[in-house]
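**Student:** Quick one, what's the 3D model for this:
(one chain, ligands or ions: 1)
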Amino acid sequence: MNTITNEHRRTLFHDGYVVLKNVVSQSLVDSARARIKSAKKGESLAEAVALTDLVNRSSVTPILQEVMGQFDPPSHCHVGVTKQSLPRDFYTPLGYKEKDLPYFGHGMHAEGLFTVAPPQERIEGTPDEIYSRMIASGPRGDIGRSADVIGSNTDPLFQDPEMTLSVGSFTAFVIVALNDQTLEGVGQTAVVPGGHRVLEAFYRWQYENGGRIGPEGPGWPRFNYNVPNGAGHVYLPDAVQKKLIALDSKAPETTPDGIAWPRPKQILMEPGDAAITIFQMPHTGTRNEYGTESRKNMIFRIRNKKRQPGKIVTGVSDHPDRGMMGEWLSYEEGNNPWVRSKKALVNMWNEWDGMQDIVDQETPKLPEITFDTVP
Ligand SMILES: [Fe+2]
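**Tutor:** Numbering: from 1, shown residues only. You can find the predicted model right below:
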């Protein structure tokens with residue numbers, strides 16, 4: 001398959017993601033699997049051509065060009081290999097034990113957020129003290145609160161020097177499956193269908209209420225100090241979580257403290273299938289509890305070239321307005337990357353050139369999502 005149907009585009013619009021069956025040939029899948037198998041212990045496969053070929057030499061590229069637009073061919077791949085495991089006894093970035101989180105240990109999040117290693121012993125102190133210790137625990141150590149701080153995931157605490165944007169952004173995820181993921185519980189990437197509209201609406205609400213977008217903007221604290229380890233990352237604000245739960249007809253599952261969490265839908269794929277997901281989609285990895293092999297999803301982060309035509313995007317960074325380790329990039333006079341990225345966050349289909357007719361047809365059919373009081 002070399003093209004995308006109207007039905008696929010409508011699915012992408014409404015659900016925020018679409019699975020394209022069989023868009024990567026068996027020989028590309030075989031080469032990628034062989035490359036992973038031949039990796040030496042500790043060897044990085046991020047630049048392995050057999051992996052970037054999954055996009056660059058498959059139908060994924062013409063399809064993505066058609067539906068989204070021009071983009072840099074990825075030179076790097078996020079190698080998403082999840083080994084089999086039973087529920088485990090460590091604290092995740094949400095501040096709960098992995099075994100206590102529902103939906104196969106979900107960690108549903110908005111993409112592009114600062115993250116540091118979660119404390120494995122309960123952290124004590126006032127919220128201000130805990131905040132300071134958390135942001136000082138990244139690779140740059142204790143340099144105070146500023147946009148120079150980066151997380152252990154390399155995401156800046158804030159993207160911009162004025163500290164008004166705390167979400168790195170791009171346009172699309174491409175996820176290529178290299179193993180059978182047709183039965184639930186084998187470590188699938190999971191999403192909340194329709195959740196992209198909720199998160200975009202929340203970003204817009206923040207934008208219209210002072211312009212600070214992401215954690216530490218209105219309605220979105222950075223950390224939750226009331227979780228079991230005392231310092232959980234707030235990966236989605238409460239107001240968004242509530243609306244995501246309401247999208248689901250089934251009652252949500254809870255952590256032992258009674259907190260309800262939105263149910264993610266596992267993306268079921270076979271080797272050679274690819275999922276395309278809009279950036280704003282809340283998503284998570286899941287535990288590979290029942291697999292007979294490691295889960296292998298090759299993940300690419302793609303940005304429409306229009307956003308910053310002068311900058312090369314490698315395919316792995318979720319904060320390409322800055323360098324991989326948070327370095328400051330230079331932009332020509334009149335090119336304010338934070339203004340552009342804020343606009344992209346609150347107008348999520350603007351960078352999808354091949355979706356405009358569907359957006360025009362379908363948007364009027366949907367109720368507006370509003371956040372009109374401080375959540
Ligand atoms: Fe993510």
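
**Student:** Low-confidence stretches in the stretch 251-375 of the chain?
**Tutor:** Counting by pLDDT under 70, the stretch 251-375 of the chain shows low-confidence ranges at 373-375.

**Student:** That one: helices as residue ranges?
**Tutor:** Taking DSSP state H, counting those that start in this stretch as the criterion, the stretch 251-375 of the chain contains helices spanning 337-346, 356-362.

**Student:** Which positions within the first one qualify as buried?
**Tutor:** In terms of neighbour count (16 or more other C-beta atoms under 10 Å), helix 337-346 has its buried residues at Pro337, Trp338, Arg340, Ser341, Lys342, Ala344, Leu345, Val346. All C-beta spots, glycine's among them, are computed from the backbone N, C-alpha and C.

**Student:** what's the answer for stretch 43-61, then?
**Tutor:** Applying 16+ other C-beta under 10 Å to stretch 43-61 flags 45, 48, 50-61 as buried.

**Student:** pLDDT of that stretch, averaged?
**Tutor:** For stretch 43-61, mean pLDDT rounds to 98.

**Student:** leaving aside the residues next to it on the chain, what's closest to the residue nearest the centre of the chain?
**Tutor:** The centroid of the chain falls nearest to Glu111 when counting by C-alpha atoms, centre = their mean (3.3 Å). Spatial nearest neighbour of Glu111, chain neighbours left out: Asp318 (5.4 Å); criterion: C-beta to C-beta, 6 or more residues apart in numbering.

**Student:** That neighbour contacts Arg301, doesn't it?
**Tutor:** Yes - with contact defined as C-beta atoms under 8 Å, Asp318 reaches Arg301; the gap is 5.7 Å.

**Student:** what about these two, which has more around it?
**Tutor:** With neighbours defined as other C-beta atoms under 10 Å, Asp318 and Arg301 compare such that Arg301 has more, 26 against 19.

**Student:** List the contacts of Pro87.
**Tutor:** Neighbouring residues of Pro87 by C-beta atoms under 8 Å, 6 or more residues apart in numbering: Glu98, Lys99, Gly105, Arg287, Glu289.

**Student:** Is the second one in contact with Thr92, as I believe?
**Tutor:** No - shown here, Lys99 and Thr92 do not form a contact pair, counting by C-beta under 8 Å, at 9.9 Å.

**Student:** who touches both of these two?
**Tutor:** Shared contacts of Lys99 and Thr92 (C-beta under 8 Å, 6+ apart): Gly105.

**Student:** who's more crowded, the two?
**Tutor:** Thr92 (20 against 13).
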